[in-house]
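**Q** Here is a sequence together with a model predicted from it:
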Amino acid sequence: MESIKESVKQMPGFDKFQEKFESMKQQVLTDPKVMRFLRENPDISDAHAAKLLSSFYTFKNEQQACSNCPGLEKCPNLMQGYRSELTRVRQTVELRYKPCELKVHDEQKKSMASLIKSYFIPKEILGATFDRLYTHTVDDTRRNAISKAYEFVQMAGTNQQVKGIYFYGKFGVGKTYLLGAIANGLAEKGIHSLMVHTPEFLREMKQSLSDGSFDTKMELLKTVPVLMLDDIGAENMTNWVRDEIIGVILQYRMMERLPTLYTSNCDFDMLQQHLSYSQKGGLDEVKALRIMERIKHLSTPVFMGGNKNFREEF
């Protein structure tokens, strides 16, 4: 009875297939990286190497793909973002995979992003960096603000008590972007932060009373390691917002010594005046003063000036 091997040899086109296979085999076994591996493992016989041809073929192609990397999203390798390595395991050879630099960087970015929570903050702010701030800064007050922000990041997570910062200045000088750079700096150190656009968030808090998420959101703002309240002083002030939201959050954070950072168009005096308004049309200066004492107790005012609109510089 004729063997299968002999039958295959007699099939139409077998000669051309054999020719192509031998050509491919030659290309694989003469690949510089495959040859180097075989030189480092001289006990691998030619017959054994032929049996490992499939692994060598995959290794060769993936190494070539990595040499002409098209980017992580277009990576053609079997495991996207991983490069194969030939590894000797006892009497045979296995392909093992390690993440490439792009994959490692991508995972680090995802890990950092998970440390930064935000409400109503533009994506470009969440990608802010100190390097970019320094590049686009010529005003001395901006430089000082950036320096203070960088010092805060360096101090955060240490055993020393860290005071928050109250950045204030006119619209468009880069206060919110600076908070984004701080958030990313903290993420690099593994520190969780929460950044909220205060006016929008406070409107949502009122709605959350009906959907049952109020307590969860309050707990997050009270306990997050670093809280950033962007544009405080621009919200519609009501007794409930001042006393049951802002006051409660800041009281808890003051007692627990959790740093809070702020941005505002108002200096301390203007913010106190804003907080003093009540729904009944009068002033409640005592309650406003209580809020301000909590802000002043654990934050340092830092002015940001500049004639240029920071948003127009990008």
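**A** Good, I have the coordinates. Residues are numbered from 1 along each chain as shown.
**Q** How about the secondary structure of residue 209?
**A** helix (DSSP: H, G, I helix; E, B strand; the rest coil).
**Q** how far away is it from residue 216?
**A** 12 Å (C-beta to C-beta, to the nearest Å). For every residue, glycine as well, the C-beta is placed using N, CA and C.
**Q** Same question for residue 42.
**A** With C-beta to C-beta as the criterion, residue 42 and residue 216 are 64 Å apart.
**Q** all strands in this structure, in order from the N-terminus.
**A** Along the chain, the stretches classed as strands by DSSP state E are 82-89, 92-99, 116-119, 164-168, 193-197, 226-230, 260-264, 299-303.
**Q** right, and those strands - which one's nearest residue 21?
**A** Checking the strands of the chain against residue 21 by C-beta to C-beta gives strand 92-99 as the closest, at 20.1 Å.
**Q** Run me through the strand neighbours of that closest one, direction for each.
**A** strand 82-89 (antiparallel) (DSSP bridges).
**Q** so how far is the partner strand from its chain's centroid?
**A** When distances are taken as C-alpha atoms, centre = their mean, to the nearest Å, strand 82-89 is centred 30 Å away from the chain's centroid.
**Q** Go through it and flag the buried ones.
**A** Buried residues in strand 82-89, defined by neighbour count with 16 or more other C-beta atoms under 10 Å: 82-84, 86.
**Q** Just the C-alpha atoms of that strand, please, in PDB.
**A** The C-alpha trace of strand 82-89 is given here as PDB (Å, rounded to 0.1, in the frame of the first residue of the first chain):
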ATOM      1  CA  TYR A  82       4.500  42.100  22.100                       C
ATOM      2  CA  ARG A  83       7.800  41.000  20.600                       C
ATOM      3  CA  SER A  84       8.700  37.300  20.400                       C
ATOM      4  CA  GLU A  85      11.900  35.900  21.800                       C
ATOM      5  CA  LEU A  86      13.500  32.500  21.200                       C
ATOM      6  CA  THR A  87      14.000  30.800  24.500                       C
ATOM      7  CA  ARG A  88      15.800  27.500  25.200                       C
ATOM      8  CA  VAL A  89      13.700  25.200  27.400                       C
END
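**Q** Correct me if wrong: residue 214 contacts residue 202.
**A** No: distance between residue 214 and residue 202: 11.9 Å, which falls outside the contact criterion (C-beta atoms under 8 Å).
**Q** more neighbours, those two?
**A** residue 202 (22 against 16; other C-beta atoms under 10 Å).
**Q** wait, what's in contact with the closest residue to residue 87 other than its chain neighbours?
**A** Distances taken as C-beta to C-beta, 6 or more residues apart in numbering place residue 96 nearest to residue 87, at 4.7 Å, with adjacent residues excluded. Residue 96 is in contact with 84-85, 87, counting by C-beta atoms under 8 Å, 6 or more residues apart in numbering.
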